[in-house]
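Asks: Sequence unavailable; structure follows:
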């Protein structure tokens, strides 16, 4: 039996390969953009009655990272101040150094809701302020993650954690074209008998 390949078959095969490579290129560029540098953060941090701080609002921003700090004085008056990216970096860096020395509250199990201001800033925006390598090393510390969850009450943090846990559990299967979902069943029929 002789196999004859026509020009039409070669063109169709080449076109198919081009489409597949384009589709895989789109998917990998999306993954690369997700793995790129952590986005800058805009935070609203609130002091609790116990003197600790929690993040009540968090959102990514295209501008520099910054935070609005709500603090209550001894008379019960709430004061608001803006913390610049430079101030946040300095505070996060100090807290990271304390953590490396084992002197940070981020090293231990959470004892109550909230953290000190430096710990709260590091937990909420460590990757954006100090870089992804430091953020990755922090995420390998289970006490850090527990403290991060205890100090961040923002809807953004909760939704980011939920989508991260769904993606990491591996239960959803992707089809050849990247769509997740159920398998489709098809019936076949034979022609002519």
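Replies: Thanks, I have it. Fair warning: this is a prediction, and the values are worked out from it, not measured in the lab.

Asks: Assign a three-state SS to the closest residue to residue 108 other than its chain neighbours, would you?
Replies: Counting by Cβ to Cβ, 6 or more residues apart in numbering, residue 108 lies nearest to residue 143, which is 5.9 Å off, once chain neighbours are set aside. C-betas here are computed from N, CA, C, even on glycine. Judged by DSSP: H, G, I helix; E, B strand; the rest coil, the three-state class of residue 143 is helix.

Asks: quick one, strands of this structure?
Replies: 40-47, 53-61, 66-72, 78-83 (DSSP state E).

Asks: For residue 112, find the nearest of the ones you listed.
Replies: Judged by Cβ to Cβ, the one of the strands of the chain that comes nearest to residue 112 is strand 53-61, at 10.4 Å.

Asks: buried ones in that closest one?
Replies: 53-55, 57-58 (16 or more other Cβ atoms under 10 Å).

Asks: Now that residue 138 has come up, it's in contact with residue 132, right?
Replies: No. Using Cβ atoms under 8 Å, residue 138 makes no contact with residue 132, being 10.3 Å away.

Asks: These two: who's more crowded?
Replies: Neighbours per residue, other Cβ atoms under 10 Å: of residue 138 and residue 132, the larger number sits with residue 138, 19 against 14.

Asks: Excluding covalently adjacent residues, which one is nearest to the more buried one?
Replies: residue 144 (5.0 Å).

Asks: Same check on residue 111?
Replies: Going by Cβ to Cβ, 6+ apart, residue 111 has residue 105 as its nearest residue, at 7.9 Å.

Asks: if we can go back for a sec, do you know how far the residue nearest to residue 108 is from residue 101?
Replies: Distance of residue 143 to residue 101, computed by Cβ to Cβ, to the nearest Å: 15 Å.

Asks: got it, and residue 39?
Replies: Distance from residue 39 to residue 101, by Cβ to Cβ: 29 Å.

Asks: higher neighbour count, those two?
Replies: residue 39 (14 against 9).

Asks: Quick check, pLDDT for the more buried one.
Replies: Residue 39 carries a pLDDT score of 83 in this model.

Asks: Quick check, it in contact with residue 132.
Replies: No. With contacts counted by Cβ under 8 Å, residue 39 stays clear of residue 132, the gap being 11.1 Å.
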